[in-house]
Structure formats: C-alpha cells, structure tokens
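Visitor: this is a predicted model, with the sequence first.
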Amino acid sequence: MPSRRRQSRPKRPELPPGGLLDWRDHSHWSDLARPCRYCQRPTNLLDSQRKPAHKTCAEEAIARQIEEASESYENERNAAS
C-alpha cells in the first residue's frame, strides 16, 4: 500500500512591518489633502480604490468587514444545523 503524504497547508504570508497594509508605493500618495472616507480628517493617503483614507482607518474598516462576514457565516451555519 502506498504511503499517504500529508498535504501541508500553504504558509501564510508575513505581514509587512507596521501592520496589515503596505502603502509605501507612490500610488497611495496625493499632493492634495482631502477628507478621509472614514473619519473625515484630512489625509494625503489614498486607498487601493484611489479614495482618500488614512492607513489606520482603512485597516479598521477591513477588520470590521472581516468580523461582520465571520458573524454572518456563523449565523448561517448555526441556522442550517
């Protein structure tokens, strides 16, 4: 009987230093400060959709979205039980 190889899980990528998002690329910068889409304070930073957003505000929004999706998944899973 052939031996079974255990499939290893893909290794999670390391987070960049300083947090979840890496905005070092010049595409995340605008010379014009505009209100952050989340907190309305002025920022020169742009998110991946080219909308003004502080890095920390965007990370908090992503964390909330993940939490809401997780709760929704658990609720659907519990309802199906």
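Guide: In hand now; what should we look at?

Visitor: hey, where'd the helices end up in this structure?
Guide: Ranges of helices in the chain, per DSSP state H, are 55-80.

Visitor: ok, H28 to A79 distance?
Guide: According to C-beta to C-beta, to the nearest Å, H28 and A79 sit 40 Å apart. Backbone N, C-alpha and C define where each C-beta goes, glycine included.

Visitor: kindly apply the preceding question to S72 instead.
Guide: According to C-beta to C-beta, S72 and A79 sit 11 Å apart.

Visitor: looking at the two, which one has more neighbours?
Guide: Using other C-beta atoms under 10 Å, the more surrounded residue of S72 and A79 is S72, with 10 against 7.

Visitor: for Y73, see how far away H28 is.
Guide: Distance from H28 to Y73, by C-beta to C-beta: 30 Å.

Visitor: actually D25, not the one I wrote
Guide: 32 Å.

Visitor: find the centremost residue of the protein, please.
Guide: Nearest residue to the geometric centre of the chain (C-alpha atoms, centre = their mean): I62, 4.4 Å.

Visitor: per-residue pLDDT, the spatially closest residue to that one that is not a sequence neighbour?
Guide: Nearest residue to I62, sequence neighbours excluded (C-beta to C-beta, 6 or more residues apart in numbering): L20, at 6.8 Å. With respect to pLDDT, L20 scores 72.

Visitor: could you list the buried residues of stretch 56-73?
Guide: For stretch 56-73, the neighbour count (16 or more other C-beta atoms under 10 Å) marks 57-58 as buried.

Visitor: give me the contact list for it.
Guide: 19-21, 36-39, 47, 53 (C-beta atoms under 8 Å, 6 or more residues apart in numbering).

Visitor: only C-alpha atoms, please: export it in PDB.
Guide: The C-alpha trace of stretch 56-73 is given here as PDB (Å, rounded to 0.1, in the frame of the first residue of the first chain):
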ATOM      1  CA  THR A  56      -5.300  53.000  10.200                       C
ATOM      2  CA  CYS A  57      -8.800  53.900   9.200                       C
ATOM      3  CA  ALA A  58      -8.700  51.500   6.200                       C
ATOM      4  CA  GLU A  59      -7.300  48.700   8.400                       C
ATOM      5  CA  GLU A  60     -10.000  49.200  11.000                       C
ATOM      6  CA  ALA A  61     -12.700  49.100   8.200                       C
ATOM      7  CA  ILE A  62     -11.200  45.900   6.900                       C
ATOM      8  CA  ALA A  63     -11.200  44.300  10.400                       C
ATOM      9  CA  ARG A  64     -14.900  45.300  10.800                       C
ATOM     10  CA  GLN A  65     -15.700  43.800   7.400                       C
ATOM     11  CA  ILE A  66     -13.900  40.500   8.300                       C
ATOM     12  CA  GLU A  67     -15.700  40.400  11.600                       C
ATOM     13  CA  GLU A  68     -19.100  41.000  10.100                       C
ATOM     14  CA  ALA A  69     -18.500  38.400   7.400                       C
ATOM     15  CA  SER A  70     -17.400  35.900  10.000                       C
ATOM     16  CA  GLU A  71     -20.500  36.600  12.200                       C
ATOM     17  CA  SER A  72     -22.700  36.200   9.100                       C
ATOM     18  CA  TYR A  73     -21.100  32.900   8.200                       C
END
